[in-house]
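Trainee: predicted coordinates and the sequence they were generated for:
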Amino acid sequence: MKYITTIGLEVHAQVRTASKMFDGCSADYAGKAPNTSVSVVSMALPGSLPVANQRAIELAALTGLAINCTVNHHSVFSRKSYPYPDLPKGYQITQFDEPLCSEGWIEVSSESGETRRIGIERLHIEEDTGRLVHASDDSSLIDYNRSGVPLMEIVSKPDINSPEEARRYFQKLRQILLWIGVNSGNMEEGALRCDANVSVRPEGQVQFGTKVEIKNMNSFRAVERALVYEVQRQTSLLEAGGTIAQETRGWNDAKGVTEGQRSKEGSHDYRYFPEPDLPPLVFDDAWVSARRAELPELPDARRARFERDYGLSYQDADLLTIERPVADYYEAAVAAAQSVGGSARDVANWVTGELFRLLNDTGEDYSRMAERMLPQHIASVIELLAKGSINRTVAKQVFEESFASGGDPAQIVADKGLTQISDSGALAALAREVLANNPKAVEEYRKGKTSAVQFLVGQVMRATKGQANPQTAREVLEAELNV
């Protein structure tokens with residue numbers, strides 16, 4: 001029997017603000033000693049009252065617009081009750097039936113380039129929890145530094161059909177969050193987290209299968225692996241005549257399995273009710289328009305413009321819009337290259353080829369592109385090539401030197417004497433020497449194996465340390481061979 005997989009993702013993204021969601025305490029807790037970035041509000045001391053962070057709400061609304069949601073004009077905070085030790089109040093301030101944003105979507109591409117729209121049910125804002133630290137003696141400690149940090153929960157509709165599509169959706173959502181600057185994207189430190197709801201049902205059955213929630217996935221690979229395992233587990237159980245229990249399971253990355261944690265709660269278990277200490281959020285059209293005005297050109301739109309205006313392939317345009325700093329850098333390099341007669345295509349080849357390779361070799365991220373290689377320096381390499389001052393072999397050498405030292409490519413060529421040798425007279429004597437030293441290749445050429453000349457060109461290039469003009473070298477060699 002065939003089974004249909006249904007997946008929905010709940011993505012929790014910390015909002016990048018200076019202070020926490022409901023008090024003025026610093027939201028930057030990275031590297032700080034436990035329980036030092038706290039306040040009377042984040043520790044829930046008696047008599048403390050919350051005050052909503054205006055900028056966190058603005059950035060959450062900005063995110064909603066970026067993922068095609070409607071920003072609701074009326075929104076309410078609620079209390080979600082559950083007695084976990086990482087919640088100092090015994091409840092979490094969140095949103096329930098009147099979220100900040102609702103009914104959105106993002107488009108996800110497959111390997112073949114086909115796109116599919118995944119619906120987004122809601123985006124609401126809440127406060128993050130503290131962090132449990134489990135010791136080797138089976139005791140647990142609680143660090144409340146993270147408690148109260150602004151958090152967005154973005155809930156997809158059950159539109160995802162496979163573990164691979166779930167991974168691609170999560171990657172696309174992370175790309176957008178980083179692009180608009182609302183989240184660091186750091187999954188290892190918990191700034192971006194994902195829970196999944198997954199069910200399977202026999203093909204032809206309209207009603208969804210029993211939903212299982214999976215937690216503890218802290219990478220794209222983990223999301224896909226956990227869902228692959230869980231789909232197989234549920235399918236095998238149904239094929240054996242068993243039933244699926246509605247529960248929360250945790251992903252054990254080391255073992256490659258999901259493990260049962262607790263029975264799955266329903267919304268009634270959390271006893272939601274409106275937060276009495278915070279007024280409703282009420283927005284007019286002007287406020288929403290002001291948030292929309294903050295939106296930059298989004299990655300899909302920029303990729304399409306790169307294809308249209310610069311004549312790039314989908315694959316290259318997609319690579320150059322993987323992160324906003326890359327796209328910004330590319331356009332700066334295009335402007336510099338076009339001012340000296342270069343093309344956007346030339347720039348794309350150097351950025352996606354040599355520059356990406358060098359960054360990967362040094363283990364640096366894309367944010368250091370401009371620091372490592374000025375856009376004007378890419379334009380300089382392109383100009384030197386176009387003028388015939390250097391050949392492509394030397395160009396790669398100069399590019400790498402400029403990346404390593406920050407030096408101007410034209411100055412590197414001048415200082416190291418790397419100017420291309422294009423004078424046929426200067427190459428003639430060297431060509432005769434190469435022919436004298438390689439009689440076998442000469443004999444093969446004269447017997448009709450014209451490809452042998454390419455070997456001889458290589459010998460000239462070696463003798464000149466890559467500085468000879470390959471075309472001129474070939475012409476000189478052929479002239480000598482045909483005497």
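Mentor: In hand now; what should we look at? Numbers count the residues shown, from 1 in each chain.
Trainee: use CA for all of it now, contacts and neighbours both
Mentor: Fine.
Trainee: how long is stretch 290-310 from one end to the other?
Mentor: One end of stretch 290-310 to the other measures 31 Å (CA to CA, to the nearest Å).
Trainee: gap between it and the chain center?
Mentor: 16 Å (CA atoms, centre = their mean, to the nearest Å).
Trainee: next one: stretch 217-226
Mentor: 15 Å.
Trainee: and the helices in the stretch 51-200 of the chain, which stretches?
Mentor: Counting by DSSP state H, counting those that start in this stretch, one finds helices in the stretch 51-200 of the chain at the ranges 54-66, 163-179.
Trainee: pick the most deeply packed of those.
Mentor: Among these, ranked by average contacts under mean count of other CA atoms under 10 Å, first place goes to helix 54-66 (a mean of 22).
Trainee: what mean pLDDT does that helix get?
Mentor: Mean per-residue pLDDT for helix 54-66: 98.
Trainee: stretch 11-22 now?
Mentor: 97.
Trainee: same question, stretch 137-156
Mentor: 95.
Trainee: ditto for stretch 352-369
Mentor: For stretch 352-369, mean pLDDT is 94.
Trainee: phi, psi for residue 252 please.
Mentor: The phi and psi torsions at residue 252 (degrees, to the nearest 10) take the values phi -100, psi 100.
Trainee: isn't it up against residue 258?
Mentor: Yes - applying CA atoms under 8 Å, one finds residue 252 in contact with residue 258, separated by 5.8 Å.
Trainee: the two: which is more packed in?
Mentor: residue 258 (21 against 15; other CA atoms under 10 Å).
Trainee: mind listing residues that contact the helix or strand in which that one is found?
Mentor: Per DSSP states H and E: residue 258 is located in strand 257-263. Here strand 257-263 makes contact (CA atoms under 8 Å, 6 or more residues apart in numbering) with 214, 226, 229-230, 245-252.
Trainee: can you rerun that using 7 Å?
Mentor: Here strand 257-263 makes contact (CA atoms under 7 Å, 6 or more residues apart in numbering) with 226, 229-230, 246-252.
Trainee: parallel or antiparallel, which strands does the next helix-or-strand element following it pair with?
Mentor: Toward the C-terminal end, the helix or strand that comes next after strand 257-263 (DSSP H and E) is strand 273-274. Sheet partners assigned to strand 273-274 using DSSP bridges are listed as strand 78-81 (antiparallel).
Trainee: return the strand it pairs with as PDB; C-alpha atoms alone will do.
Mentor: Provided in PDB are the C-alpha atoms of strand 78-81 (Å, rounded to 0.1, in the frame of the first residue of the first chain):
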ATOM      1  CA  SER A  78      -2.200  35.500  25.700                       C
ATOM      2  CA  ARG A  79      -0.900  33.400  28.500                       C
ATOM      3  CA  LYS A  80       0.100  29.800  27.700                       C
ATOM      4  CA  SER A  81       0.300  27.800  30.900                       C
END
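Trainee: please name whichever of the helices of the stretch 51-200 of the chain is nearest to residue 293.
Mentor: Among those, helix 54-66 comes nearest to residue 293, with 9.2 Å by CA to CA.
Trainee: name the helices or strands packed onto that closest one?
Mentor: Applying 3 or more CA pairs under 7 Å, 6 or more residues apart in numbering; DSSP states H and E, we find helix 54-66 packed against strand 70-71, helix 285-294.
Trainee: ok, residues contacting the shortest one?
Mentor: Applying CA under 7 Å, 6+ apart, the external contacts of strand 70-71 come out as 61, 64, 100-104.
Trainee: and the residues you listed, which is closest to residue 387?
Mentor: Taking these together and measuring to residue 387 by CA to CA, the closest member is residue 64, at 49.4 Å.
Trainee: just to check, that closest one is in contact with residue 99?
Mentor: No - Residue 64 is beyond contact range of residue 99, at 10.9 Å (criterion: CA atoms under 7 Å).
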